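Peer 1: Below is the structure, and that's it, no one-letter string:
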C-alpha cells in the first residue's frame, strides 16, 4: 500500500478541521463488496475521501476527527491469528495509522460507543453511496435509514470539496501516472483493433493492459462501434470496416488517482470523408475549449463555447441553421451534444460525485441549469488553479432522440431535419483528455496521445 | 443476453414448485453495485438462483412464483424514453419474460403490494448476501434487518440445492466453455511468466484473456509466488527464478457458469529437486482423489483419501512419522493441507455458497466436522451423477502455523518439526481441476491442461 508522507495527511486534516470548525467528523471506509455470494468479492475500492485524509487502502476501517477535543482516531481490527494463517501477516493497525500521522487506533466496535458519548456534539458525516454504510450510519446515529441522506453535513461536504478540488503537485504526479497508463491502454486499442474483432476482445486488451501496468480500471470502459449510445456497456458487436470505434476508458494509478481518455478511430485504416468532417468539428470544439481554460472562467462558459463551435461546424454542413447565438442559448445543439463538456477528475474519475454535483460543480450563486444538455453538465463554476478537468466534446446522432425532437418539431428553426436524415446511422464521435488549470491557462495531463485526424490514421496504419 | 430455451426454465420452475409444495417463492435479482460513487459500478453480476430459474442477466429485477395460485410474475421496469436515449433501445420486459416462459410482468414497485396481499401465505425467500437486498426484504416483509437471515426458508433452500446440484447436459456444455476459457488463461500464464515480471502483469494477462474470450473472472485470481498464503490477493511481488508461481483462477462463460483451475509452476524453466518431490506428492493425491470419484461415495471420504496420500508422501520425505491412519484421523496432516479438497461448481464458483454450506455440502445425517482442516471442507456428502466438483489438494508450509503448532508441541508424534525447519520458506503447491460425476466415475471438464511435472516443465520451456 503506497501512501503520501505522514505530513501530507496531517496537513490535509488540519486544514479540514479549520474549515469545518467544530464537532466530530465521521469517515466511513468501504467494505468488501459481494458479487454472487458473500465471500466472492469485487476488487476492493476504498472511499476516496477516506483515502484523501487517511491514505489507508484496505477494508474494514472508519475514522473520526473530533475537532472539539482535538483528537483523531482510526477504528479497525488487526488480523486474528487465524486470519494471519490464511492471509499472511500484515503490519498492525497501529503501525499503519502511525504512517499517516494518527496516534490512536481502536477496535471497530468501539466506534458506536464513541459516537454515543459524542451525542451532544455535532456529528458530521458524508452522504453514503453504499447500502451497508447507510445501514451503519442508521444504527450508530439512531436515525431511520430513509433519513440518513438528508442528514449528511453540508459544512463537511463543502469543506472537503474545497480541499480536494485543488490538486497539489504530488497529486498531479499521481494523476499523470494514471493518465499515462490510460494512454498506454488507448495506444494498444488504436494499434490492435482490426475488422472482425469483437468489442470484448478490445475490452480484454485494455483491461489487461491497465492491470499489467499496476493500475485498475477507473470506471467501466465504453468500447463500442455504437458511439451514439452514450452509456454503452455492451461489448458484443463485431468491428467492421466503415464503422468507427469509440473508446472511453482509463485507469487508476496504484494510489487510486484516475485517468479518463476518449478516442474515436476508424475500424479500417482511414475515416470516410463524412466521418472526417464530423471529427474535425468535434476536434475544433475540443481545441477551442482547451484554449479557453484558465483560472476565473466559468466552466459553463467553456462548455457553451464548445457548443458554439460544434454548432458552427454543424451549420457549415447544413445540419444546423439560423442564428447560432440563439440556437445555443435555447439548447438546439443538444440534439447533437446531449451531455456536458467535462468533469473534475482526481481520486474519483467524476471527482467527488458522491458528495453531490451541486457542491462540486456549482455554487450558491450558480445553480445547475434544467435545460436539456446543460442539465448534464457536472461542472459549471469558476475554474481555479489546481483544478483538474476533462474536456470531452462530441457529436452523437441518436435515432430515438432525433425522432422525438422531429415529432415535436423541436427547434426546427435551427435544425435541418431533412439533411439530418442522411446522418441517422452515422454513430457518434467523442475525444477527451484531462487538463490541470495553471496560473495562466492549462496543461495537458499525461503524455500526448494521437488525436488529430492525420495522426489517428497514421497509428491505424493508413 | 444468452439464455437456455424457454422450456428449460419452465421445467426448472415446475420441479421447484413440486419440491417446495406451497406458498410464495420470492426471488431477488441483484442491483448494480457502486464502487467509489453511486454511478461508478462494478461489473454487474446477477444472482445465480435468479439466473437458474429466470435466465435474465440484468439488474433491477425480482420474481415470484406463487405456488398456491399457480402464478409466475417477473417484476421490473422498462427503460424510460430518457434511458433509451442514453442507453440505446432494449427489448421490452414482456418480451424478455416471454423468452423464459413468464407471461406476466409488472413494474418493480408492484412487488411490495403483491407481498402485502400475500401476507397470509408463507413467503419463502433465500438468505441475502448483499446489504441492499437485506434492506428490501426488511421493508417488504416488515421484519427488522437483523431478523432477515434467520427467516430465510430452509425448504426453499433445500429444494434449490437439490435441483442446482445436478448439472444437466446443457449446463455441462456451458461449464466446459467456462473451463476452456480458464484453460486458455492458464496456458498464457504458464507460457508467458518470466523472471523479473510482477505478479500483477500476469493478472493483467489472464484477466485480459478471460474478457477477450467473452468471459468474466469467476473470482478474484490468486497469482502469487507465496502459494502458502491461501487467501492471497496481493499481486506486488516480482517473479524470481527458484520460486514457484501458484495461479488459482478461472472464468465465467457468457452464461455465467464458472471455471476454476489451479496450477503451480517454476518461475525458471524447471522445478528444483525439492519442489519436484512435494509437487509429486500433491499430484499423487490429486490422482488418487480423481480415481475415487463416483456416485455414492462421500466427498469427505475422497478428501480423507487425498489427505492420506499427502501424509504418505510427507512421511517418505521424513516430514511426518508414526501411524498415518491415526495421524489423518486426528488431523495432523492439516499442518500441511489446511483446507478442503474441493467444492461444487456451477453458476457460482463455490456453487450455491450463498445458500449455506450445511445445505449444499452436508446433510441432516452428515454434519460438518469442527476439526482444523476438515472444518474448511465445503462438501462432505455423497456424490451423485451430475455433480460438478473441484479436486484441489495442496501442500503449504505456513510459517505462522508451523510456529503455533510447534510451540504447542501439537501432533509431535506425527510431525518431524526438526526436518520441517528445512522447508520453512518453501511456499505452497496446489493443483486443481473440475470433474463431473458420471454413471460409473467422473470426467474431466474442459480440455486437459498440463499438470504432470514433465509436461509443466515442457510448457515452461525446459
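Peer 2: Thanks, I have it. Remember, predicted model here, so these are calculated numbers, not experimental data.
Peer 1: I figured residue A:85 hits residue B:396, correct?
Peer 2: No: the pair residue A:85 / residue B:396 is not scored as a contact, 9.7 Å apart, by C-beta atoms under 8 Å. The way it works is simple: take the backbone N, C-alpha and C, and place the C-beta from them, glycine included.
Peer 1: count of neighbours near residue A:72?
Peer 2: Residues within reach of residue A:72, counting by other C-beta atoms under 10 Å in any protein chain shown, total 24.
Peer 1: Check the secondary structure at it for me.
Peer 2: What DSSP: H, G, I helix; E, B strand; the rest coil gives for residue A:72 is strand.
Peer 1: Could you measure from it over to chain B?
Peer 2: 23 Å (C-beta to the nearest C-beta, to the nearest Å).
Peer 1: quick one, what contacts that residue?
Peer 2: A:13, A:63-66, A:101-104 (C-beta atoms under 8 Å, 6 or more residues apart in numbering or on different chains).
Peer 1: Mind checking which of these land in strands?
Peer 2: Secondary structure from DSSP state E places A:63-66, A:104 of those in strands.
Peer 1: so which strand or helix has the closest residue to chain B within the stretch 101-250 of chain A?
Peer 2: Using C-beta to the nearest C-beta, the closest approach of the stretch 101-250 of chain A to chain B is made by residue A:208 at 2.1 Å. For residue A:208, the host element (DSSP states H and E) is helix A:199-212.
Peer 1: Run through who's touching that helix.
Peer 2: Contacts of helix A:199-212 (C-beta under 8 Å, 6+ apart): A:181-182, A:184-186, A:188-189, A:192-193, A:216-217, A:221, A:223-225, A:234-239, A:245, A:247, A:249, A:251, B:200-201, B:203-205, B:207-214.
Peer 1: sorry, back to before: quick one: which of the ones in strands among the contacts of residue A:72 is nearest to chain B?
Peer 2: Chain B has its nearest neighbour among these in residue A:63, at 16.9 Å by C-beta to the nearest C-beta.
Peer 1: got a list of what that closest one touches?
Peer 2: A:26-27, A:29, A:50, A:53-54, A:72-75, A:102.
Peer 1: Export the residues you listed to JSON lines and append columns for pLDDT and distance to residue B:153.
Peer 2: Supplementary listing: these in JSON lines, determined by pLDDT from 0 to 100; distance: C-beta to C-beta, whole Å:
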{"residue": "A:26", "pLDDT": "98", "distance to residue B:153": "37"}
{"residue": "A:27", "pLDDT": "98", "distance to residue B:153": "39"}
{"residue": "A:29", "pLDDT": "98", "distance to residue B:153": "34"}
{"residue": "A:50", "pLDDT": "98", "distance to residue B:153": "38"}
{"residue": "A:53", "pLDDT": "98", "distance to residue B:153": "44"}
{"residue": "A:54", "pLDDT": "98", "distance to residue B:153": "42"}
{"residue": "A:72", "pLDDT": "98", "distance to residue B:153": "46"}
{"residue": "A:73", "pLDDT": "98", "distance to residue B:153": "42"}
{"residue": "A:74", "pLDDT": "98", "distance to residue B:153": "41"}
{"residue": "A:75", "pLDDT": "98", "distance to residue B:153": "36"}
{"residue": "A:102", "pLDDT": "97", "distance to residue B:153": "46"}
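Peer 1: Please list the residues of the stretch 301-450 of chain A that sit near chain B.
Peer 2: Residues of the stretch 301-450 of chain A lying close to chain B by C-beta under 8 Å from any C-beta of the partner chain are A:338, A:347-350, A:353-354, A:398, A:400-401, A:404.
Peer 1: in what helix or strand does residue A:244 lie?
Peer 2: Using DSSP H and E, residue A:244 falls in strand A:244-249.
Peer 1: chain center to stretch A:92-103, what's the gap?
Peer 2: 30 Å (C-alpha atoms, centre = their mean, to the nearest Å).
Peer 1: do the same with stretch A:352-359
Peer 2: 11 Å.
Peer 1: And that stretch, what's buried?
Peer 2: For stretch A:352-359, the neighbour count (16 or more other C-beta atoms under 10 Å in any protein chain shown) marks A:352-357, A:359 as buried.
Peer 1: Out of the helices and strands in chain A, which is least certain?
Peer 2: When the helices and strands of chain A are compared on mean pLDDT, DSSP states H and E, helix A:81-87 comes out lowest with a mean of 86.
Peer 1: Name the SS class of residue A:111, please.
Peer 2: Applying three-state DSSP: residue A:111 is helix.
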